[in-house]
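# Quick one, structure for this:
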Amino acid sequence: MTKLKTLLEISIVSAFSFLLVVAFLTVVSGGDFLQLARVITNTCEVKND
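Numbers count the residues shown, from 1 in each chain. The predicted model follows:
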């Protein structure tokens, strides 16, 4: 049960930090969410190579 709780906490923290990064990048890119999505897609494609 403790292990499951730890996993849950880790996933919540990582999801929260991911949202923080997305929000930060949105502000940096001038709120252009389409451009931000394109950048994220390109980054993911590069990582998958």
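
# what about residue 6, distance to residue 13?
Using Cβ to Cβ, to the nearest Å, we find residue 6 at a distance of 11 Å from residue 13. Yep, even glycine has a C-beta here, placed from its N, CA and C like the rest.

# same thing with residue 42?
26 Å.

# Report the buried residues of stretch 28-42.
residue 36 (16 or more other Cβ atoms under 10 Å).

# average pLDDT across that stretch?
If you average the pLDDT over stretch 28-42, you get 76.

# Next, the residues that contact it from outside, please.
With contact meaning Cβ atoms under 8 Å, 6 or more residues apart in numbering, stretch 28-42 is reached by 22, 25, 26.

# For the closest residue to the first one other than its chain neighbours, pull up the helix or strand it's in.
Pointing back at residue 22 there. Nearest residue to residue 22, sequence neighbours excluded (Cβ to Cβ, 6 or more residues apart in numbering): residue 36, at 7.5 Å. Using DSSP states H and E, residue 36 sits within helix 33-48.

# Centre of the chain to that helix, how far?
Centroid separation for helix 33-48 versus its chain: 11 Å, with Cα atoms, centre = their mean, to the nearest Å.

# how near is residue 19 to residue 27?
Counting by Cβ to Cβ, the gap from residue 19 to residue 27 is 13 Å.

# Oops, could you answer that again for residue 4 instead?
Distance from residue 4 to residue 27, by Cβ to Cβ: 35 Å.

# And the longest helix anywhere in the chain, how far out from the chain middle?
Longest helix in the chain, counting residues (DSSP state H): helix 2-28. When C-alpha coordinates are averaged (Cα atoms, centre = their mean), helix 2-28 and its chain have centres 8 Å apart.

# List the buried residues in that helix.
Residues of helix 2-28 include none that count as buried (16+ other Cβ under 10 Å).

# so it versus helix 33-48, what angle?
Here the directions of helix 2-28 and helix 33-48 differ by 130 degrees (axes from the mean of the first three to the mean of the last three Cα atoms, to 10 degrees).
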